[in-house]
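> Task: produce atomic coordinates for the following.
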Amino acid sequence: MKTLTIQDLPVTEQLDRRAMSAVRGGSSFYFPGYVSKYDLTFNTQQLIDQKQSTESHNGVNVAFGEDITSNVKPKQEAHNTSNINIGSGFMVR
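All right, here's what the predicted structure looks like:
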């Protein structure tokens, strides 16, 4: 965790509620409901290339074929996931 240091303020100075609420900055990861905004924009390039050629030659060159069956169930799946690590324990998906 980073430390917020205000250098132009004397050590003995105390800030009231209004002055403390004017302090801005930091990351909204720790307190996501507050005003400070943390914008992350990433462009990840992904490519899935699949090819499939399925042939079923059933009953070829059979003169008197009977009860010839062919069951073909081809299937392809592909999934892309991009994980970008931006610090200790935080991950953008």
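> For residue 23, give its distance to residue 17.
Residue 23 is 11 Å from residue 17, where distance means CB to CB, to the nearest Å. Where you see a C-beta, it was placed from the backbone N, CA and C, and this is true even at glycine.
> Ok, residue 70 next?
79 Å.
> Residue 59 now?
87 Å.
> do residue 74 as well
Taking CB to CB, one finds residue 74 at 67 Å from residue 17.
> do residue 66 as well
Residue 66 is 91 Å from residue 17, by CB to CB.
> any low-confidence regions in this structure?
Applying pLDDT under 70 to the chain flags the ranges 1-6, 8-9, 11-12, 24-39, 85-93.
> So which residues of it form helices?
17-21 (DSSP state H).
> need the strands for it, in chain order.
84-85, 91-92 (DSSP state E).
> okay, residue 59 and residue 17: which has more neighbours?
Neighbour count, other CB atoms under 10 Å: between residue 59 and residue 17, residue 59 has more, with 11 against 6.
> residues in contact with that one?
65, 68 (CB atoms under 8 Å, 6 or more residues apart in numbering).
> Could you give the number of residues near residue 56?
9.
> Could you do residue 41 as well?
Neighbours of residue 41 (other CB under 10 Å): 5.
> Repeat that for residue 69.
6.
> Could you find the closest non-adjacent residue to it?
Nearest non-adjacent residue to residue 69, counting by CB to CB, 6 or more residues apart in numbering: residue 58, 7.5 Å away.
> is it true that the one you found touches residue 72?
No - with contact defined as CB atoms under 8 Å, residue 58 does not reach residue 72; the gap is 9.0 Å.
> and those two? which has more neighbours close in?
Comparing residue 58 with residue 72 by neighbour count (other CB under 10 Å), the higher total belongs to residue 58, at 12 against 8.
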